[in-house]
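Trainee: with the input below, show me the fold.
(chains A, B and C)
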Amino acid sequence: MDTLLSVKNLKTYFRVKRGVLRAVDNVSFDIKRGEVFCLVGESGCGKSITALSIMRLIPYPGEIVGGEILFDGVDLLKLPEEEMEKIRGKRIGMIFQDPHTSLDPSYTVGWQVEEAILLHKMIKEVSKLAVNLLKKVGIPAAEKRYREYPHQLSGGLKQRAMIGIAISNSPELLIADEPTTALDVTIQAQIVDLMLKLREENGISILLITHDMGLVAEACDRLAVMYAGKIVEKGSVEEIFSEPLHPYTKALLRCVPRPDKDVEKLVAIPGTVPEFPPASGCRFADRCPMARKECFEITPEEVNMGNGHRVACHLYG
Amino acid sequence: MLGYVARRVAMAVPTIFAVATVLFFIVRMVPGDPAVYLLGDMATPERVAKLRAEMGLDKPLYQQYIDFMLGVLRGDFGRSFENGMPTMVRVLRAFPYTFELAVAGTILSLLIGIPLGVAAAVRRGSKIDVLITSGTTIGVSIPVFWLALLLIEFFSVRLGLLPVTGVGNNPIERLRHLALPAFSLGIGMAATVARMTRSSMLEVLGKDYITAVRAKGAPWNVTVYKHGLRNAIIPVVTVVGLNFGYLLGGTVLVEYVFGRPGLGSLLIEAVFSRDYPQIQASVFFFSAVFMAVNIFVDILYSFLNPKIRYG
Amino acid sequence: MDGLIKIGEIRDYPSLLAGLIIVLAVVFIAVLAPLISPYDPIKQNMPHALQPPSAYHLLGTDPYGRDVLSRIIWGARVSLYVGLLSATIAMIIGVPFGALAGQLGGTADVLLSRVIDVMLSFPGIILAIVVMSILGQSVNNTVLAISLAMIPRFARLARGEALQLSVQEFVQAAKASGAGNLDILVHHILPNILSPIIVQYSLSIGSAIMIEAGLSFIGLGVQPPTPSWGEMLSLGRQYLYTAPWLSLFPGLAIMLTVLAFNLLGDGLRDVLDPRLKRV
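Mentor: Here you go, the predicted model:
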């Protein structure tokens, strides 16, 4: 099957004292085999929660309240926990934003790589496998690093180790939640190259979550733009970058400094993402320069603009 | 890490000398003739003369201090007024009873408190969590000597299961006599341990690496124990150490209630018979033990925390 | 000033509410003791000795025929007096010294830290016992002894907080514009460390009451015939087989009072520390 992951109408809500936080509100997208799919948006738009929903690792007090997540045809949301544990770390791997806090400080790097492998199969020569994995993700002096503790490694090395852990059982999907945000620019490039190389060699699909449009342009095949828990636009990278439709997408693209154009100043989008948006109406309305009366009252439906390009905005439908 | 240990011990040495110095001065900073004042209504001429000689009160102050400190270095704190025995010897004889009580109490507090804390943290917000949290809040407010009386009332008076006073001769009897005292101490401490474990676990369980471990496919119980508790236990160790002073104070009261011939009983007895050399020796020893435990806890902490162990 | 409680929100803090109610109840009982106490707590009444709880004596009588309930009511006076006064003295002495040490740093800090270490190397009640053994037994000596035992915890807390504050910009700015150390202490440091100090104060009152009860229990605190909960337990201990009610109620009184101050302290901590505010 060409489509590996199909998220349909996903809803993940958080019940807090002040009300219900609709972090992921009716989100749908597909990821094909072997493609790099980006989920883009500002902090707080729900993209990380979407990723955690796929893995069913929503923290308290959150809960997945609706939708389907079809992975290779099977709805992950209906699986019993033991079955889900067989998928995590084996068929879907995940790496996180901050490499400094994603590794357990009390165990050696090598032990943690071995744990990832041993959780899914019994292997005798597991330490050799672990060291090879560290080498594969480009960690120099792997044997030495294998015996070291996380605090002894740099951020870039830790992130590589995390990638090694995530791919240790040859998963079909790798979820990367802002993998480069916490790293230096030079290291960022290396990590991205590493991930793309893995896609080349193993045909792994990658769900890349980021707020960096530059990274999207560099690494992604298709993308979806998220705002305040909803997807506002999706399509291929070529389509969206050449012809962005949604005002928010346009604003995001304007934020990227481009060496090929003369830009007078960097543009920021005024306002902030709403925590508790109103029940109906476009969520971007209060920050949108093109907003009309209906934008505040009626929630825009997704419209198909051809070539797999879809947008949810009253300007187009 | 050996360097760390050596540094910690070195830091403690001046403190212990300071403690001895404080004890030296504390009995002399009284109005009028220290010997008369200290003996109070037990001040017979012979006792006054004896105390004066013992404390060296006729010598100049600095000479007294030097004699005292030299004695401390030798482990000589003078002789008890009660029976003339060297005070330190009486202390060392009484110590094992206190030691076994403190150890038993600590072990019980950990055995009861840690599982309760983990259970409350893992089921955060549930009825069990509320129950355990309320229970521990009440638990830290219960006077240890009252708890001792309640346990005696229930287990000795009503049920006749366990003995009250004394320590027992053979190992089985020793344990039977240790049971109620150890539980009196342990239950109160367990409340503190449970609270600390709960809050430490909640903090650890909120960390990214816990989610990352689950993302590897780890089942919940493996995550909770291998990764959660393993990291959460570190501050709990510190808290147990910090509260050890409170525990020692508790042993004094518990020994009093149960008539155990430990350090606490020795101290109380010395206070009532105004046996100042004995008071000095006992208090000094309590402080030394407390400091030793603190050093031990520091070392344990640096052992458990790889960031300190491996720089 | 942040930390002011809006009356409407007090429902969100059950600990604070519960603690406050019980503390006020205990204070009421102590203050109104002469009015609400059914019997004289000191006068002996041998024909009525060791009676179990009944309609005439709600909590029974002790070996001297004295009404237990009355003694508990009057005992609240001693506990509150010792508890409040000890905690207050410890705070008044410990906080300025600790804050000054944290603010100044350098030798002052090192010196004070050593002193605190030495004081802390005596477990609380043991220090109190030693001081009592020298000073002699009376209510005020008890206060003194317990205050001494509690000064280090205030000093240490104040020092830690002041240390963190002293490196912040507004303090540096004040120093640069020529403010004297005492001035900085009073106007900049102390007002900002109020929250944790208040929490510690409440918790310390509970500790002080606990320590006083312990001292009275072993006979070193308040002297009879003044009723003290600890002393009542000591008496009760001798009659465990025949009059268990003597051991139950005074202990319950101690526990409830200490619990109240602990709840108050926990509740204040929830209210005053914005970092711990739950979503």
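Trainee: pretty sure residue A:21 sits in a strand.
Mentor: Yes: counting by DSSP: H, G, I helix; E, B strand; the rest coil, residue A:21 is located in a strand.
Trainee: residues in contact with the nearest residue to it once chain neighbours are set aside?
Mentor: Among residues not flanking residue A:21 along the chain, residue A:14 sits closest, at 3.9 Å (C-beta to C-beta, 6 or more residues apart in numbering or on different chains). Using the backbone N, CA and C atoms, a C-beta is placed for each residue, glycine as well. Going by C-beta atoms under 8 Å, 6 or more residues apart in numbering or on different chains, residue A:14 touches A:20-21, A:23, A:61-63.
Trainee: what's the PyMOL syntax to select whichever of those are buried?
Mentor: A single PyMOL command suffices to select whichever of the contacts of residue A:14 are buried according to 16 or more other C-beta atoms under 10 Å in any protein chain shown:
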select buried, chain A and resi 21+23+62
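Trainee: Serialize the contacts of residue A:14 to TSV and add fields for pLDDT.
Mentor: Compiled in TSV, these are given as follows (pLDDT from 0 to 100):
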residue	pLDDT
A:20	86
A:21	86
A:23	89
A:61	85
A:62	88
A:63	90
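Trainee: and which of the contacts of residue A:14 is nearest to residue B:246?
Mentor: Residue B:246 has its nearest neighbour among these in residue A:61, at 35.5 Å by C-beta to C-beta.
Trainee: what's near enough to touch that closest one?
Mentor: Shown in contact with residue A:61 (C-beta under 8 Å, 6+ apart): A:14-16, B:125.
Trainee: just the ones in strands from the residues you listed, please.
Mentor: Those of the contacts of residue A:61 mapping onto strands are A:14-16, per DSSP state E.
Trainee: next one: phi and psi at the closest residue to chain A within chain B?
Mentor: Residue of chain B nearest chain A, by C-beta to the nearest C-beta: residue B:217 (3.3 Å). For residue B:217, the backbone dihedrals (degrees, to the nearest 10) come out as phi 100, psi 10.
Trainee: what about chain C, any weak spots by pLDDT?
Mentor: Along chain C, segments meeting pLDDT under 70 span C:1-12, C:273-279.
Trainee: the stretch 1-150 of chain B too?
Mentor: Using pLDDT under 70, the stretch 1-150 of chain B drops low at B:1, B:30-34, B:37-42, B:81-82.
Trainee: for the most centrally placed residue in chain C, give me its contacts.
Mentor: By C-alpha atoms, centre = their mean, the mean C-alpha position of chain C lies nearest to residue C:205, the distance being 1.3 Å. Shown in contact with residue C:205 (C-beta under 8 Å, 6+ apart): C:83-84, C:86-87, C:261.
Trainee: of the residues you listed, which is the nearest to chain A?
Mentor: Taking the contacts of residue C:205 together and measuring to chain A by C-beta to the nearest C-beta, the closest member is residue C:261, at 27.4 Å.
Trainee: near chain A, which residues of the stretch 151-300 of chain B?
Mentor: Listed as neighbours of chain A in the stretch 151-300 of chain B under the rule C-beta under 8 Å from any C-beta of the partner chain: B:206-209, B:211-220, B:227, B:230-231.
Trainee: am I right that residue A:31 is in a strand?
Mentor: Yes: the assignment for residue A:31 by three-state DSSP puts it in a strand.
Trainee: between the contacts of residue A:61, which is closest to chain C?
Mentor: Chain C has its nearest neighbour among the contacts of residue A:61 in residue A:16, at 4.5 Å by C-beta to the nearest C-beta.
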